[in-house]
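In: below is the structure, and that's it, no one-letter string:
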Ligand SMILES: O=C(O)CCC(=O)C(=O)O
Ligand SMILES: [Fe+2]
């Protein structure tokens, strides 16, 4: 792929009044990049090129230190997030992660002395760029003015990473395995070595480094909000041959307490393609896997975990079901009683039912005392969401009883 293949969006028109033509062109290129690849690159982006090269230089100096020096800022093993220095077990990648400077998670090396200031300055610049790109994307999607800005207002969830990719030891080595980002958007600055690739129609397309350009890829949040109108880009990094590669990646994320679900303007034709999820739960699932990676890359948790597919329905042949929360809390130690009522012959039948329910804002998930051997058999859910799903079906019952929603909807099965 040549440089011209992923669209280049010139952002200078957004730093001054007027120049409507320039803004229009930028929107066009951004839309094209989003819909064709989930990727585009920005130039004249407002992040000083001098700052970007200082960040690269100071990182290079840091990564060149002996291992024991770098391990001084290894992440706290019990911390929520691995801020600090990490390296991959296959020795193909080292990284430094930082959260927002407004949080308490960060650890910085004391050498090189400028490292912390440079990274914090870069964080602030990337944050501004993320907001600018998000605003343009908002308009390209035809969303109400400032919709994304108001929806995604918590910048404390953003992350900055510096990656050092080590030379391949054999053909086919990957410094970063194929994945999609859980972010809203990701900003990427790479050196001249190259190796970043995006997937389109099953084919891997390399992104040739363009001096000063910042690559932007769409993340899962935008994919879900737009109900797959814009897809989060699948990407990877091929290990460099005989040299090292450095990159800076800024995850313009979403606050953990925010619910993510397809926006109604994108669900008219096909209905929602994802169920609602809380961003922090998705991130926690992925972080857990980062610490204990599955042996096969296909087993990595991706946004497909929340996709609504045919397999999520029709698992049950029940007429009625109750006490399912006990089934979930006990991780199937106690099963919800399956029951039905046979119509009486030639007479009426009367009964009273009292449902001893759970308050709607309560989370239901297997209790840890029941998950030891097998792991949880259900993902967590908010009681009111489940009740709402069932009520919706009560109003519009599916034609086949097997299609009724049951607690199997939240079951963690091999299919997922
Ligand atoms: O280093 C790169 O170019 C890609 C990094 C990446 O994919 C990520 O941080 O999610
Ligand atoms: Fe990524």
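Out: Everything's here; your move. Model, not experiment: these values are computed from the prediction. Residues are numbered from 1 along each chain as shown. Ligands and ions are numbered 1, 2, ... in the order given.

In: enumerate the residues of the stretch 201-350 of the chain near ligand 1.
Out: 235, 237, 247, 249 (C-beta under 6 Å from any ligand atom). From N, CA and C alone the C-beta is placed, and that goes for glycine too.

In: surely the second one forms part of a helix?
Out: No: when the secondary structure is assigned by DSSP: H, G, I helix; E, B strand; the rest coil, residue 237 falls in strand instead of a helix.

In: give me the buried subset of the residues of the stretch 201-350 of the chain next to ligand 1.
Out: Those of those that meet the buried threshold are 235, 237, 247, 249, by 16 or more other C-beta atoms under 10 Å.

In: closest to residue 159 among the residues you listed?
Out: Of all those, residue 159 sits closest to residue 249, with 8.2 Å by C-beta to C-beta.

In: where in the stretch 1-150 of the chain is pLDDT low?
Out: Applying pLDDT under 70 to the stretch 1-150 of the chain picks out residues 1-4.

In: what does the stretch 251-400 of the chain give?
Out: For the stretch 251-400 of the chain, the stretches flagged by pLDDT under 70 are 310-323, 338-340, 399-400.

In: that one: strands as residue ranges?
Out: For the stretch 251-400 of the chain, the strands defined by DSSP state E, counting those that start in this stretch occupy 259-260, 277-278, 320-321, 338-339, 363-364, 381-382.

In: greatest separation within the residues of the stretch 201-350 of the chain next to ligand 1: which pair is it?
Out: Farthest pair in those, by C-beta to C-beta: 235 and 247, 11.5 Å.

In: common neighbours of those two, please.
Out: Contact criterion C-beta atoms under 8 Å, 6 or more residues apart in numbering; residues shared by residue 235 and residue 247: residue 196.

In: my guess is residue 161 meets residue 290, correct?
Out: No: contact criterion C-beta atoms under 8 Å: residue 161 and residue 290 do not qualify, at 11.8 Å.

In: among those two, which residue is more densely surrounded?
Out: Shown here are residue 161 and residue 290; by other C-beta atoms under 10 Å, residue 161 has more neighbours (16 against 12).

In: name the nearest residue to the residue nearest to the spatial centre of the chain, ignoring sequence neighbours.
Out: Closest to where the C-alpha atoms of the chain average out (C-alpha atoms, centre = their mean) is residue 182, at 1.0 Å. For residue 182, ignoring the flanking residues on the chain, the nearest one in space by C-beta to C-beta, 6 or more residues apart in numbering is residue 220 at 5.1 Å.

In: likewise for residue 180?
Out: residue 232 (4.2 Å).

In: quick one: the residue nearest to the centre of the chain is in a strand?
Out: No: secondary structure of residue 182 (three-state DSSP): coil, not part of a strand.
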